[in-house]
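Trainee: return a 3D structure for these sequence lines:
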Amino acid sequence: MLPLRADLIRKINRLPEDIREVILTLVENLEDFGEIKEIVRKLTEAQSKSEERLSRLEKAVEELIKAQIKTEERLSKIEKVLEELIKAHRESEKRLAKVEERLSRVEKAIEELINAQKQTEKRLSELAEAQKQTEKRLSELAEAQKQTEKRLNELAEAQERTEKEIEKLTRGLRNLREEVSGLARSFSYALENEAYRRLPAFLKERYGIEVLDRIIRFDLDGEEINLFAKAKRNGQEILLVGESVAKFTHAREIKSLERKAEKIKRVYGKEVIGIIVTHFAKTKLKEKAQEAGFIVIQSFEW
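Mentor: Numbers count the residues shown, from 1 in each chain. Next comes the predicted model:
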């Protein structure tokens, strides 16, 4: 085996084991050192190229490592992003679930609205039909109103005619009342005139009252006294105050006579005896007048 330089041996030792074995084998078998040198040179060149390749490979590996680190960092960021996306997705799913629930309620509400709309349309249709009936009835009512107005006009004309007839009847009734009043006054005056003639003898015979002067009609402070006379009873002078009525049927005649008798008594200061002269007197009123101290004389009595 040819002796090798130390630097050559170091270079051979740096070679990979399989190459180093090949070179050593060649060194053992080759006798020509020149050939070995040539081989070593080639191997050295090859080693140099290998080292360059290894250097480049190391750089590439470093770059790959750096890229790997960056990739891992990116992957870490991506993982974080993915985690956030997953979290956001879960939140989105929750929101979607809520949205679906709300959509379900909305769909239900829409369905209810549709049903309500159908009911509304049905009711509107019924209202439209009712409106038609109402319009028809209003038309009939308007026609009836025209007939009513026509009848009212006819009634107004008839009323006008009736009022004219009533006015005629009123005038006739007024005239009749005046005639009746005149007859009543005439009848009352006739009754009074008869009382003037008949009372003195009747009072003396029936009640022991003597009329001293003739019976007269006179006015006392605006109050008409139908019968008035001075008289005497049991030797005592008295005054007679009387009312003449065709029929004694109302209690107001008693009150009227009481008022007049009280006024005569205040003016003359003497005892007053009230007399009611009539053609007819109700029994209860006659009894009430007698309880008040009045004398009731009916014309048939004298």
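Trainee: and Ala195, how far is that from Leu203?
Mentor: Noted for Ala195: a distance of 10 Å to Leu203, by Cβ to Cβ, to the nearest Å. The C-beta positions use only the backbone N, C-alpha and C, and glycine is treated the same way.
Trainee: so Ile225 is in which element?
Mentor: Per DSSP states H and E: Ile225 is located in strand 223-233.
Trainee: which residues touch that strand?
Mentor: Residues outside strand 223-233 that contact it (Cβ atoms under 8 Å, 6 or more residues apart in numbering): 192, 195-196, 199, 203, 207-219, 237-244, 259-260, 263-264, 273, 275, 277.
Trainee: switch the cut-off to 6 Å
Mentor: 192, 209-213, 215-218, 238, 240-244, 260 (Cβ atoms under 6 Å, 6 or more residues apart in numbering).
Trainee: got the angle between the helix or strand just after that strand and strand 223-233?
Mentor: Helices and strands here follow DSSP H and E; after strand 223-233, the next one along the chain is strand 236-248. Angle, strand 236-248 to strand 223-233, by axes from the mean of the first three to the mean of the last three Cα atoms, to 10 degrees: 130 degrees.
Trainee: follow-up on the earlier one: would you mind checking the contacts of strand 223-233 for buried ones?
Mentor: Among those, those classed as buried by 16 or more other Cβ atoms under 10 Å are Glu192, Ile209, Val211, Ile215, Ile238, Leu240, Val241, Gly242, Glu243, Ser244, Lys260.
Trainee: list the beta-bridge partners for the third one.
Mentor: Meaning Val211. Per DSSP bridges, the residues bridged to Val211 are Ala231.
Trainee: Lys270 sits in which helix or strand?
Mentor: Using DSSP H and E, no helix or strand contains Lys270.
Trainee: quick check on it: phi, psi?
Mentor: phi -130, psi 170 (degrees, to the nearest 10).
Trainee: pull the contacting residues for it.
Mentor: With contacts defined as Cβ under 6 Å, 6+ apart, Lys270 is in contact with Leu239.
Trainee: how about Tyr189?
Mentor: By Cβ under 6 Å, 6+ apart, Tyr189 lies in contact with nothing.
Trainee: so which helix or strand takes in the most centrally placed residue in the chain?
Mentor: For the chain, Leu127 is the residue whose C-alpha lies nearest the centre (Cα atoms, centre = their mean; 23.0 Å). Applying DSSP H and E as the criterion places Leu127 in helix 33-207.
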